Each structure stands twice: as structure tokens, then as C-alpha cells.
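Visitor: Pasting the sequence and the predicted coordinates here, then a few questions.
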Amino acid sequence: MTAHAVFLVLSVLAWISLVIWVVLLVGRGGFWKMDLHLPEVGKGGGGGDGRAWPGVTAVIPARDEAGILPATLPSVLAQDYPGPFSVIVVDDASTDGTGQVAADLAAATPGSAPLHVLRGSGPPAGWAGKVAAMDKGVQEISGRGDASEFVLFTDSDIAHPADSVRRLVQHAQDAELDLVTLMARLSTDSSAERMIVPAFVFSFFQLYPPAWVNRPDSRTAAAAGGCMLVRREALERVGGLAGIADARIDDVALGTLIKRGGGRAWLGVTTGVRSLRPYPRLADLWDMIARSAYTQLRYNPWLLLGTIVGLLLTYGVPPIVGVVGLATQWWGVAIPALPAWAVMAASYVPVLRLYGLRWWRALLLPGVMAVYGAMTIDSARRHRQGRGGAWKGRVIESGE
């Protein structure tokens with residue numbers, strides 16, 4: 001291939017990348033904005049301090065979580081909520097005494113909300129483990145005649161500020177929402193987490209822009225599994241969780257179920273609701289992402305190929321071609337490639353700010369996304385080998 005031909009190829013790739021980033025920046029619902037927070041208590045648009053606070057039941061699916069519950073469960077049990085509030089921990093066939101730890105924590109928490117511990121024996125045929133545990137909690141609410149208007153699905157690794165439930169319910173009431181969900185602030189204590197986690201949040205919102213999720217007339221639907229407040233009436237209207245029984249990415253599935261059933265949803269960010277689950281090594285994060293990446297692509301090799309090509313065009317071409325253009329003084333190549341890299345980095349900065357990280361990390365995003373591409377390929381490999389989604393002794397069947 002002649003130098004002129006190489007120049008033309010690189011120039012075309014660079015312009016494609018720049019167009020991609022311009023379209024993402026102006027036409028993807030402002031996914032990069034990290035400004036959708038819950039209103040402060042008493043600052044909603046409708047009610048005030050004299051409002052009637054409906055009943056809420058928190059459902060926490062937990063499988064072998066005895067180690068992390070002491071750091072998280074007390075924050076749920078001690079919620080400063082003016083209305084009826086109770087907690088159900090569904091012990092999903094744990095082998096480490098998770099249920100007993102939960103009961104002991106409730107007994108040791110002053111002013112604790114009522115806690116019910118349910119012992120599960122694993123998911124029935126056709127059900128994913130977490131969804132089955134969530135459903136067991138919902139069935140318990142109905143079975144005991146609980147009049148709770150809302151169910152809060154929250155994970156066992158999530159710690160809540162004292163006003164968390166109050167703010168979630170206030171927003172649901174004031175905005176007449178059926179689903180209020182927050183992307184919990186994930187841990188960034190380790191260097192691996194600081195590299196991978198912000199890019200995970202960035203990619204999630206790129207796929208599911210909150211501005212689109214929050215519009216009733218938009219087909220885009222999603223939720224963040226660590227914190228999902230759902231109106232029971234809306235859940236019953238769509239037939240409960242049976243409609244997503246086999247969902248492995250349960251949060252997005254639940255958001256889609258509620259919204260397509262006519263419900264109104266709201267997705268936002270928070271620094272108060274936090275995941276305390278540590279991922280100290282890159283290998284830990286790799287396993288977490290590779291567990292479900294191929295599931296997200298519906299086990300489709302063509303979607304996998306398209307994803308890798310898309311990652312290369314979107315994240316790989318701008319820095320690589322930009323540097324080549326500078327080194328060779330091919331300005332027709334460098335001029336579109338370097339602005340594409342700049343737009344990419346600028347759109348990433350708000351996520352870094354949300355996590356209290358330095359702006360210069362935005363320049364490293366192409367390298368991080370290359371790691372994500374490798375994780376996605378590895379996810380497909382694991383599923384092909386029958387090891388897809390391995391998590392605490394369970395393996396996701398791809399259905400291929």
C-alpha cells in the first residue's frame with residue numbers, strides 16, 4: 001500500500017471517529033452530564049414536611065454475604081423514614097451464615113426497622129438467582145398482607161445515608177414516578193478501581209442516557225440494580241418479576257419491564273448511596289465485567305464483532321491516528337483525529353469529577369476501553385466454554 005493510500009485510509013477513519021463523537025456529544029441525550037441528583041428532603045416540587053409517607057419495604061437478596069453485611073445492613077435498618085418501613089433479607093442458599101448475621105445485626109442496631117430473614121434454597125428452573133430472591137421477597141410482602149406502597153430493591157453491598165429512603169419516596173411522589181433508581185457510587189479505593197470503575201459508569205450512561213430513560217415518550221429504559229425504588233402497583237400491573245425471571249442483567253430488565261408497562265421511571269446519580277464491595281485487583285474487576293458482557297450482547301457473535309469494531313473506531317482511532325498524523329505531519333489525518341480525542345476526553349471529565357479523580361485520567365480512556373474490549377471478548381470465550389457468568393457457584397447458561 002502506498003503512502004498516499006495509507007494517508008487516505010487514516011484520514012477516512014479519523015473523520016469517521018470525529019463524526020461519531022460529535023453525534024454522541026450533541027445527540028445522545030447528554031449522557032456525559034452527571035447532574036441528575038435527588039432533591040434534598042423538603043425541596044421537592046409537590047409535598048412538604050406534612051406529607052403522608054407511604055409504607056416501604058426494602059428487599060435485599062444476599063448470597064454468601066456475611067462478610068459485607070455488617071458494613072451495609074445497619075445503614076438500611078437505621079433509615080430515618082417517617083412512614084412504615086421494614087426490611088426483608090432473602091438468604092439465597094448461603095453457606096456462610098448470612099441469614100444469622102443479618103438477624104444479629106438487627107438485634108444490635110438501636111431503633112432498627114423490623115427485619116424478616118427468608119431462607120431460600122436457590123432459584124427454581126427458569127429463574128436467575130438474584131431475580132428469584134427478589135421475587136421471594138415480593139411474595140413475602142404480599143403473603144403477609146403488607147400494605148407497603150413501595151418496594152426498595154437494594155443489594156447487600158450497598159450502604160445508604162440515613163435519609164435515603166425518604167428522598168427516594170419524596171421524588172417518586174412529587175414527580176409521580178413508578179421507578180426511582182440511582183447509580184450507586186462504586187468503590188475507587190484501589191488503583192484498578194480508579195482505572196475501570198468511572199469508565200464503567202460512563203459506558204452505562206452512554207448506552208442508557210438518563211435523559212432518555214426519564215422521558216415517558218422514549219423507548220430507552222434502564223435501572224441501576226444497587227438502588228431501585230418501585231411502586232408496587234406498577235410492579236403488579238406488569239405481572240410481577242415473572243416477566244424477567246431469567247434476566248441476568250436484572251436491573252436493565254426491570255427498568256424495561258416497568259417502563260414498557262406504562263410506568264414512569266427516573267435514573268440519576270448519587271455520591272451518598274455507595275457500594276462497599278471492594279475490587280482490589282484488576283482480575284476481580286475483569287471477572288465482574290466478563291461475567292455479563294456477552295449476555296448484554298445476547299450471546300450474538302455478530303454483535304460482539306460489531307462492538308469491537310465500534311470500540312476501535314470510537315476510542316482507538318483518535319489517539320492512534322492522531323499521534324501518527326502528528327509524527328508524519330499528515331495534518332489531514334491529525335486535524336480530525338486529535339479533536340475527536342479531545343471531545344472524548346472532555347465528555348469523560350464529569351464522571352471523573354463525580355468520583356473525585358483528576359482530569360488527566362480522561363486522556364487514558366482509550367486504553368481503558370481497550371481493556372473493556374478484551375473483557376468482552378473473554379466473556380464470549382467463557383460462555384463458549386460453558387463458564388459464562390460464574391458467580392458464587394452458579395453459572396449462567398447462554399441458551400445457545
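Guide: Nice, I can see it. Numbering: from 1, shown residues only.
Visitor: Tell me how many other residues surround Ala108.
Guide: Counted with other C-beta atoms under 10 Å, the burial measure for Ala108 works out to 11 neighbours. All C-beta spots, glycine's among them, are computed from the backbone N, C-alpha and C.
Visitor: Output the lowest-mean-pLDDT helix or strand in the chain as CSV - backbone C-alpha positions only.
Guide: Per-element confidence for the chain was summarised using mean pLDDT, DSSP states H and E. The lowest value among helices and strands belongs to helix 293-296, with a mean of 88. Provided in CSV are the C-alpha atoms of helix 293-296 (Å, rounded to 0.1, in the frame of the first residue of the first chain):
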residue,chain,number,x,y,z
ALA,A,293,-20.7,-8.6,29.0
TYR,A,294,-21.6,-11.3,26.4
THR,A,295,-25.0,-11.6,28.0
GLN,A,296,-25.5,-7.9,27.2
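Visitor: After it, heading C-terminal, what element do we hit next?
Guide: helix 301-311 (DSSP states H and E).
Visitor: What residues sit buried inside the next helix or strand along the chain from that following helix?
Guide: Past helix 301-311, heading to the C-terminal end, the next element that is a helix or strand (DSSP H and E) is helix 317-328. If you call a residue buried by 16 or more other C-beta atoms under 10 Å, then helix 317-328 has these buried ones: 317-322, 324-325.
Visitor: which secondary structure elements does helix 317-328 contact?
Guide: Using 3 or more C-beta pairs under 8 Å, 6 or more residues apart in numbering; DSSP states H and E as the contact definition, the elements that helix 317-328 packs against are helix 3-27, helix 331-354, helix 365-384.
Visitor: Dump those into CSV; add distance to Ile88 and mean pLDDT as well.
Guide: Conversion of the helices and strands packed on helix 317-328 to CSV gives the following (distance: least, C-beta to C-beta, whole Å; pLDDT from 0 to 100):
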stretch, distance to Ile88, mean pLDDT
helix 3-27, 41, 95
helix 331-354, 31, 97
helix 365-384, 32, 94
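Visitor: Indicate which one of the ones you listed is closest to Gly272.
Guide: Distances from Gly272 to each of the helices and strands packed on helix 317-328 were compared using C-beta to C-beta; the minimum, 12.1 Å, belongs to helix 331-354.
Visitor: from the chain's centre, how far out does that closest one sit?
Guide: Centroid separation for helix 331-354 versus its chain: 25 Å, with C-alpha atoms, centre = their mean, to the nearest Å.
Visitor: so the closest residue to Gly272 other than its chain neighbours, which of the three states?
Guide: In space, Gly272 comes closest to Pro161 once its chain neighbours are excluded; the distance is 4.2 Å by C-beta to C-beta, 6 or more residues apart in numbering. The three-state assignment at Pro161 reads coil, by DSSP: H, G, I helix; E, B strand; the rest coil.
Visitor: Correct me if wrong: Pro161 contacts Val273.
Guide: Yes: the pair Pro161 / Val273 is scored as a contact, 7.1 Å apart, by C-beta atoms under 8 Å.
Visitor: So the two - more neighbours on which side?
Guide: More neighbours surround Val273 than the other of Pro161 and Val273, with 23 against 16 (other C-beta under 10 Å).
Visitor: Pretty sure Arg264 sits against Glu176.
Guide: Yes: the criterion here is C-beta under 8 Å, and Arg264 meets it with Glu176 at 6.5 Å.
Visitor: Dump the helices and strands packed on helix 317-328 to CSV, plus mean neighbour count and distance to Val269.
Guide: Converted to CSV, those look like this (neighbours: other C-beta atoms under 10 Å; distance: least, C-beta to C-beta, whole Å):
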stretch, mean neighbour count, distance to Val269
helix 3-27, 16, 19
helix 331-354, 20, 6
helix 365-384, 18, 19
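Visitor: Could you point out which of those helices sits nearest His116?
Guide: Set against His116 and scored by C-beta to C-beta, the helices and strands packed on helix 317-328 come closest in helix 331-354, at 35.0 Å.
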